[in-house]
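J.: could you look at this predicted model? Sequence included:
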Amino acid sequence: MFKRGFLVWVVGFCLAVSAAYPAPDLPEPTGPVLLRVTGSVAQENLPDVAAFDREMLENLDWVEVETFTSFTTGPQRFAGPTLTSVLEAVGAHGVTIRATAINDYTVVIPADHAARHNVILALDNNGQPMRVRDKGPIWVVYPLSEVEAEKKPFDGEMIWQLVELRIE
Amino acid sequence: MTSFTRSLVAIAMCLGLLVAMAIHRLNLREAEGQAIFSVSSTMWKVSELVFEGQSMISAIIEYKDVPEKLDVIRLQFDVLWSRIDIVHEIDFKERRKIVTVLDDLNTWRTNWDRVLFDPELSRQIDFAEMRRTLEPLVIETRRAWVMEFSKNRFGSLGQVASVTETKIGRQELMIAGLLALIVAYLVTEIYFGNLANRRERRLRDAADQANRIKSDFIANVSHEIRTPLNGIMNMASHLADQPLTPDQRQCISVIEDSGGLLLSTINDVLDLSKIEAGKMSIEYRDFDPMRGLKLARDLYRDQAVDKGIALELVLPSGQLPHVNGDERRFRQVLHNLVSNAIKFTASGSVRITAHYSDAGTDSDPAGALFVSVEDSGLGIAPDVQDRVFEPFGQAEASISREYGGTGLGLPISRSLCRAMQGDVTVHSTPGIGSRFDVFLPFSRSAAQTAAPVPVDDVAADAPLEGRVMIVDDNATNRFVLRTLLKSQPLELFEAESGMDALEQLATVDVDVVLMDVQMPGLNGMETTARLNEAAALAGTAPPPVIAVTANAMPHQVEACKVSGMVDVLPKPVSKRTLTLVLRRALAASGGGAAHMQDASGSQPGADEIRTASRKVER
């Protein structure tokens, strides 16, 4: 009994201290689904998932950044919603994000990276929507300077061909 | 550059080297990490390519007959496409096989891209052909991968996409450069250090040489001055013995005063050159310091009275003990200080105080003699108090014009005191007066016996009798000696050279020989040596030989003694000293062979000269 009570307290505490995002009602996607958000989310528009089409992502906090990555040459102009805005939209409650690509490749991103590093879920590169062959449909991008990018600080987190975020 | 900045430069270079090495090490570690990362990421990328190729084949097999799953095949095609791109970005350098396979994959994807994404063509895709063409490429990729990066070439994988190599190289170059700089610095430092050493040695040699030349010059000049001064002083002294008018006596006294002053100046200069040449010798003997103090008071009392100032000798702790020290030097210091004090005091008093202090410790039983000479004179400004002890360092140039003097007395006094392990210091307030404190660590003499009876007191008035030979090449000098001895009932012989003397002495017996040292042909010392040899051959006692010389430096006196001379009379010879020395030599000669020890027992010469000259100074 004590053990279970303790666990409940721990979980409750974690939930309480983790960012609790206000969750407006999420509309249903009308176009092809580009991103699925699962796990501890308050908003779901399909069974067990908050699904986003391009239009829904465009309506979030859409930003454009010029940045460098170690995978590309020269400055890249990425555009897409901030990860924070996506987490807000789904009312995410969690400390880690398990991000999965088309081919089931998965990385773990700490949830607080979203705000601390202004992470964006890039859909466009240099004004064009990214195709799968160009690391689309979504590339998790940490905005960096050229010097910073050379040290590859977030290469492990910068997953491309992203299709799913699981909040844990 | 000072040595301080030079050492700073060296330290900075070493620090720079350390920092460069530390950075280099860090970068090496970083480079190692990057190489490992590069290897693993390359392996990952290629294996992903192979995996996605296989997935592509599986997708074709699975969905080739399901038209609504074309999107899945397209998606897989895109994923494969992106994997080919990623591997393409790796610089495989000379690995031909994998580069060729990548080119083939490129061609394949371009061909099928056209078909797969064309609305029309995509309706009847030849999936069998698509699979047939892809399969060998996937197998080939894997094979190339295995071959190129098999075990023996694995190590070279790190080179692929190694970015830091040039950076590391640059750092190594920098470290080598710094090392070279430090080595070059060391070499130059050693070279220039050597150069400086050699230059310094050369300069020092030159300075020594110059100093030696100066000393020789001073010695020569003083010699040249002393000889004629000898004549002047003695003639004046002789004239003073004649009946004279008061006017003439006045003139004689001026001549004697001036000559005495000149003589004391020459003595000072000689002393200084001896001090500077390090030839100052100190002779320790038991003596009564009271005698010197009283003499100083008596000598300068008249002078003080003339100026209207009091000269007093005060002994706060009563009588002084006999001490062991150099009496002559002690007196010299005392005279210098007292004459200075009187010179610079217009009114008031000059007070000599003295006391002896036994050091309280058992380890240092030797006590010290303290003498102060205090005046109520000009005083010396604090900033120049040290300068008064520098040669020719009278506090102000105008002083020397007003009061005269060479300014050598104090430096000589200080040097003498220091040579005796003591010192002389000054305390002075301008306008109030000065006090010179002398401290001499003379121990109490072991036996409280009186010092040898002072030569002054030996002087008796009994006339000198005997046969005396004067040997000198200079007729004037012979004349001077003859004149000085005229009043004595002596039988005088003269010789013009050493040879002449030897010839005469072969036939004539004399009691004493007065021998000039510097003579053409046989000099005085050689003549003496021959004389003694001849006497030894004949089995007779040779007559005692007294050197009469202007070369009165200690080593010259020593040389005279060594050659067999019993005594040395420094020029200029005073009538008093000559009489004294002759009296002693005649007495010794009469007493037989004892004269050698007797003569070497005391050395009246120089001391007497000084005393005499001081007397004349009045």
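T.: Happy to help now that I have it.

J.: show me how far stretch B:197-214 is from its chain's centre.
T.: The chain centroid and the centroid of stretch B:197-214 are separated by 13 Å under Cα atoms, centre = their mean, to the nearest Å.

J.: what are the boundaries of the helices in chain A?
T.: A:2-17, A:54-58, A:83-90, A:113-116, A:146-150 (DSSP state H).

J.: got the contact list for the fourth one?
T.: I take that to be helix A:113-116. Here helix A:113-116 makes contact (Cβ atoms under 8 Å, 6 or more residues apart in numbering or on different chains) with A:Thr82, A:Leu83, A:Thr84, A:Leu87, A:Ile97, A:Val119, A:Tyr142, A:Phe154, A:Glu157. Where you see a C-beta, it was placed from the backbone N, CA and C, and this is true even at glycine.

J.: for the third one, which non-adjacent residue is spatially closest?
T.: In other words, A:Thr84. In this structure, A:Thr84 finds its nearest non-sequential neighbour in A:Ala114, 4.6 Å apart by Cβ to Cβ, 6 or more residues apart in numbering or on different chains.

J.: find the centremost residue of the chain, please.
T.: Going with chain A. Nearest to the mean C-alpha position of chain A, by Cα atoms, centre = their mean, lies A:Leu83 at 4.5 Å.

J.: hm, I was asking about chain B
T.: B:Arg204 (10.1 Å).

J.: low pLDDT regions in chain A?
T.: A:1-24 (pLDDT under 70).

J.: let's see it at 50
T.: Counting by pLDDT under 50, chain A shows low-confidence ranges at A:1-3, A:10-23.

J.: got the residues of chain B near chain A?
T.: Contact residues (Cβ under 8 Å from any Cβ of the partner chain) of chain B with chain A: B:37, B:51-52, B:55, B:75, B:77-79, B:81-82, B:85-86, B:89, B:163.

J.: what is the most widely separated pair among these?
T.: Maximum pairwise distance among the residues of chain B next to chain A (Cβ to Cβ): 33.6 Å, between B:Leu75 and B:Val163.

J.: which residues touch the residue nearest to the centre of chain A?
T.: A:Ile97, A:His113, A:Ala114, A:Val119, A:Ile120, A:Leu121, A:Val140 are the contacts of A:Leu83 under Cβ under 8 Å, 6+ apart.

J.: could I get the full set of strands for chain A?
T.: Using DSSP state E, the strands of chain A run over A:33-39, A:50-53, A:62-67, A:76-81, A:96-101, A:106-110, A:120-122, A:124-125, A:128-129, A:139-141, A:162-167.

J.: dump those strands to TSV, plus distance to chain B and mean neighbour count.
T.: Listed next are the strands of chain A as TSV, based on distance: least, Cβ to the nearest Cβ, whole Å; neighbours: other Cβ atoms under 10 Å in any protein chain shown:
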stretch	distance to chain B	mean neighbour count
strand A:33-39	13	20
strand A:50-53	16	22
strand A:62-67	18	15
strand A:76-81	14	21
strand A:96-101	9	20
strand A:106-110	13	15
strand A:120-122	15	27
strand A:124-125	13	18
strand A:128-129	13	13
strand A:139-141	11	24
strand A:162-167	10	22
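
J.: closest to B:Asn336 out of these?
T.: strand A:62-67 (94.4 Å).

J.: so what strands line up beside the closest one?
T.: strand A:76-81 (antiparallel) (DSSP bridges).

J.: mind putting the strands of chain A into CSV with distance to B:Arg199?
T.: As requested, these are arranged in CSV below (distance: least, Cβ to Cβ, whole Å):
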stretch, distance to B:Arg199
strand A:33-39, 85
strand A:50-53, 88
strand A:62-67, 67
strand A:76-81, 69
strand A:96-101, 77
strand A:106-110, 72
strand A:120-122, 74
strand A:124-125, 75
strand A:128-129, 79
strand A:139-141, 71
strand A:162-167, 80
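
J.: right, and these - which one's nearest B:Thr577?
T.: Nearest to B:Thr577, of those and by Cβ to Cβ, is strand A:62-67 at 112.0 Å.

J.: now that closest one against helix A:83-90, angle please.
T.: If you take axes from the mean of the first three to the mean of the last three Cα atoms, to 10 degrees, strand A:62-67 sits at 160 degrees to helix A:83-90.

J.: and for strand A:62-67, what are the contacting residues?
T.: Against strand A:62-67 from outside (Cβ under 8 Å, 6+ apart): A:75-82, A:118, A:120, A:124, A:141-144, A:149.

J.: pLDDT weak spots in the stretch 351-500 of chain B?
T.: Checking the stretch 351-500 of chain B against pLDDT under 50 turns up B:361-363, B:449-459.

J.: can you give me the helices for it?
T.: B:397-403, B:409-419, B:455-458, B:475-484, B:498-507 (DSSP state H, counting those that start in this stretch).

J.: quick one: neighbours of B:Ile139, just the number.
T.: 14 (other Cβ atoms under 10 Å in any protein chain shown).

J.: then B:Arg83?
T.: B:Arg83: 23 neighbours (other Cβ under 10 Å).

J.: what helix or strand is it located in?
T.: Assigned by DSSP states H and E, B:Arg83 belongs to helix B:70-88.

J.: what does that helix contact?
T.: Helix B:70-88 is contacted from outside by A:71, A:102-103, A:131-135, A:160-161, B:45-46, B:48-49, B:52-53, B:55-56, B:59-60, B:63, B:102, B:105-106, B:109, B:112-113, B:116-117, B:122, using Cβ under 8 Å, 6+ apart.

J.: ok, now with 6 Å
T.: A:102-103, A:132-133, A:135, B:45-46, B:48-49, B:52, B:55-56, B:59, B:63, B:102, B:105, B:109, B:116 (Cβ atoms under 6 Å, 6 or more residues apart in numbering or on different chains).

J.: ok, stretch B:546-564 next?
T.: Contacts of stretch B:546-564 (Cβ under 6 Å, 6+ apart): B:223, B:226-227, B:281, B:514-517, B:524-525, B:528-529, B:532, B:565, B:567-571, B:585.

J.: equivalent analysis for stretch A:41-53, please.
T.: Around stretch A:41-53, the neighbours that count as contacts under Cβ under 6 Å, 6+ apart are A:23, A:26, A:28-29, A:31, A:33, A:35-38, A:90-92, A:167.

J.: show me the shaky parts of the stretch 501-618 of chain B.
T.: Using pLDDT under 50, the flagged stretches of the stretch 501-618 of chain B are B:591-618.

J.: what segments of it are helices?
T.: B:524-538, B:554-562, B:575-590, B:595-601, B:604-617.

J.: identify the residue nearest B:Val138 in space, chain neighbours excluded?
T.: Nearest one to B:Val138, counting by Cβ to Cβ, 6+ apart, is B:Gly53 at 3.7 Å.

J.: where does the one you found fall, secondary structure wise?
T.: Secondary structure (DSSP H and E) places B:Gly53 in helix B:3-63.

J.: residue 104: neighbour count?
T.: You didn't pick a chain, so chain A it is. 8.

J.: my question was about chain B, not that one.
T.: As a burial measure, B:Asp104 scores 15 neighbours (other Cβ under 10 Å).

J.: bridging residues for A:Ala122?
T.: Here A:Ala122, judged by DSSP bridges, has bridge partners A:Trp139.

J.: what's it in contact with, if anything?
T.: By Cβ under 6 Å, 6+ apart, A:Ala122 lies in contact with A:Phe78, A:Gly80, A:Trp139, A:Val141.

J.: pipe those into a markdown table and attach distance to B:Gly169 per row.
T.: Below are those laid out as a markdown table (distance: Cβ to Cβ, whole Å):
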| residue | distance to B:Gly169 |
| --- | --- |
| A:Phe78 | 35 |
| A:Gly80 | 41 |
| A:Trp139 | 35 |
| A:Val141 | 34 |
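
J.: closest one of those to B:Arg435?
T.: Closest to B:Arg435, out of all of the contacts of A:Ala122 and judged by Cβ to Cβ, is A:Val141, at 94.1 Å.

J.: just confirm that closest one contacts A:Phe78, I think it does.
T.: Yes: the criterion here is Cβ atoms under 6 Å, and A:Val141 meets it with A:Phe78 at 5.0 Å.
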